[in-house]
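Undergrad: Sequence plus the predicted model coming up.
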Amino acid sequence: MSGGVDSSVAALLLKQQGHDIVGAYMKNWINEDNVIGHCPWMQDIEDARAVCDRLGIEFRVVNLMQDYRERVVSYLLDGYKRGLTPNPDIMCNREIKFGVFRQWARDHGFDAVATGHYARRTELADGQFALIEGADKNKDQSYFLTLLNQAQLADARFPIGHIPKPDLRRLAAEAGLPTAAKKDSQGICFIGEVKMQDFLRQYVPDQPGPILRATDGREVGRHPGLHYYTIGQRKGIGVPSNTDNQAYVVVGKRADDNALLVAFDAADAPGLFQTEVRVHSLQWNASPVTSVQRLEGRVRYRDPRVAIEFIPEGGNTALVRFEEPQRGLASGQILAIHDGERLLGGGVYI
C-alpha cells in the first residue's frame, strides 16, 4: 500500500471478497540526502495506516531501503552516467515490488502480492497467467510491468484493473476511505515528487560539453552534462533556434567528444525517427517468441501500441521493425511487446 487511492481500493476489494490480507508499505526512500523536492513518505505511511484502520486489517512497514538503493537507484545512476535513459519505475516493479518484497511476503507466509496497478491478470487453460492491459485505457499501467516473468505474475494480483478511475474514487468515497480524494502521485517510483534533474544533480557530477547542430556540426551552445537530456527532448535545452516557428530537439548524445546533438524538430531531423531498433535483455512473461512474428509494441508509457515485425536474433536480443517510423527512441528505454491487449514481455533499446 502506497498511501494512494488505487492501492487503498485494491485492499478494499480484496477484503470484500473475503481474502485474509495485510496492508504493507514498502519503505524504499526517505530523502535522507536532502534532494530538492517533496518526498512525502511520512504522510503516505499515515494515509496507508489510516486506510488499514478503516478496513480493520493489520498494517506493516517493510524497510527495503538498502535493496532499493542497490537494485534501482544504482541502476538509474549507472545508466545515466553511461549516457542511457533508464526506466526506474519498470525496474522497481521487477526488482523490488515483485522481487524483494514478493520474497519477503513468501517468507512471511503470504500467498500473493496485490497492488493498485491498472492491469489485469487472467489464468489460461494451461495454468499459466496472461498479463492484460487495464480496462481504463487512460490509466493503463501494464507498461510498468513489462519485465515481470511468469513466476512473478503467478504471485501477483491486480484487483482494480477492471475499474475505470472515476468509479474507483466513488468506491473509495462510499467506503469512507481517507484517501478517496487524494491526488495521484507523480515522480520517480517511491522517491516522491522529486524532479529527475534535481535527483541527478545530487549524484552525477556535471560534465559540460558542446551543443552541436547535427546537420552541419556548428556549435550553438553548451550543456552541463549529457545525462540531463534524452532523445526527442524539446524543453530545457537552453538554446534558441533563432528561426521562426522552429524549435531545437535532441537527436543524439555523442560520448567520444561529449557532444549533445540537436536539430530542428521535423520528420527529416537526423536520428530523431527510427524505422527499426535492436533490443537486448528480453524478458517474457509468456512463451518466448523465437520466430519472426507480426506483433505490436509500445515504445513508451502512454504511447499507443504500434505494429511491429519482431525478428529474434538469439542471445536474448532481437531486431524490431516498425510499420511507421517512431520518434525519440533512446538507448536504455523499454519496449513492451504485445499480442493485442496481452503484454508478452519486453526488452531494452540498444
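TA: Received the coordinates, thanks.
Undergrad: Please name the nearest non-neighbouring residue to residue 149.
TA: For residue 149, ignoring the flanking residues on the chain, the nearest one in space by CB to CB, 6 or more residues apart in numbering is residue 285 at 5.8 Å. Every residue, glycine included, has its C-beta placed from N, CA and C.
Undergrad: so who does the one you found touch?
TA: Contact analysis of residue 285 by CB atoms under 8 Å, 6 or more residues apart in numbering lists 129, 131, 148, 149, 150, 152, 153, 343, 344, 345.
Undergrad: Likewise for residue 179?
TA: Here residue 179 is in contact with 3, 4, 5, 8, 47, 50, 51, 172 (CB under 8 Å, 6+ apart).
Undergrad: Kindly recompute the last result at 7 Å.
TA: By CB atoms under 7 Å, 6 or more residues apart in numbering, residue 179 lies in contact with 3, 4, 5, 8, 47, 51, 172.
Undergrad: Check the gap between it and residue 91 for me.
TA: In this view, residue 179 and residue 91 are 26 Å apart by CB to CB, to the nearest Å.
Undergrad: swap in residue 290?
TA: Shown here: residue 290 relative to residue 91, a distance of 25 Å by CB to CB.
Undergrad: returning to what we had before: make JSON lines out of the contacts of residue 179 and add pLDDT.
TA: Shown next, in JSON lines, are the contacts of residue 179 (pLDDT from 0 to 100):
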{"residue": "3", "pLDDT": "93"}
{"residue": "4", "pLDDT": "93"}
{"residue": "5", "pLDDT": "96"}
{"residue": "8", "pLDDT": "97"}
{"residue": "47", "pLDDT": "95"}
{"residue": "51", "pLDDT": "98"}
{"residue": "172", "pLDDT": "97"}
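Undergrad: just those residues now: which is nearest residue 253?
TA: Among the contacts of residue 179, residue 4 lies closest to residue 253 (CB to CB), at 34.5 Å.
Undergrad: just the strands in the stretch 201-350 of the chain please.
TA: Ranges of strands within the stretch 201-350 of the chain are 209-213, 219-223, 248-254, 259-264, 273-284, 293-298, 306-314, 317-327, 334-339, 342-349, based on DSSP state E, counting those that start in this stretch.
Undergrad: average pLDDT for stretch 124-140?
TA: Taken as a whole, stretch 124-140 has a mean pLDDT of 96.
Undergrad: is it true that residue 9 lies in a helix?
TA: Yes: the assignment for residue 9 by DSSP: H, G, I helix; E, B strand; the rest coil puts it in a helix.
Undergrad: Just give me the neighbour total for residue 117.
TA: Using other CB atoms under 10 Å, the number of residues around residue 117 comes to 25.
Undergrad: who's in contact with residue 144?
TA: 89, 90, 93.
Undergrad: Tell me how many other residues surround the second one.
TA: Applying other CB under 10 Å, we find 23 residues neighbouring residue 90.
Undergrad: before we move on, the earlier item: just checking, which of the contacts of residue 179 belong to helices?
TA: Secondary structure from DSSP state H places 5, 8, 47, 51, 172 of these in helices.
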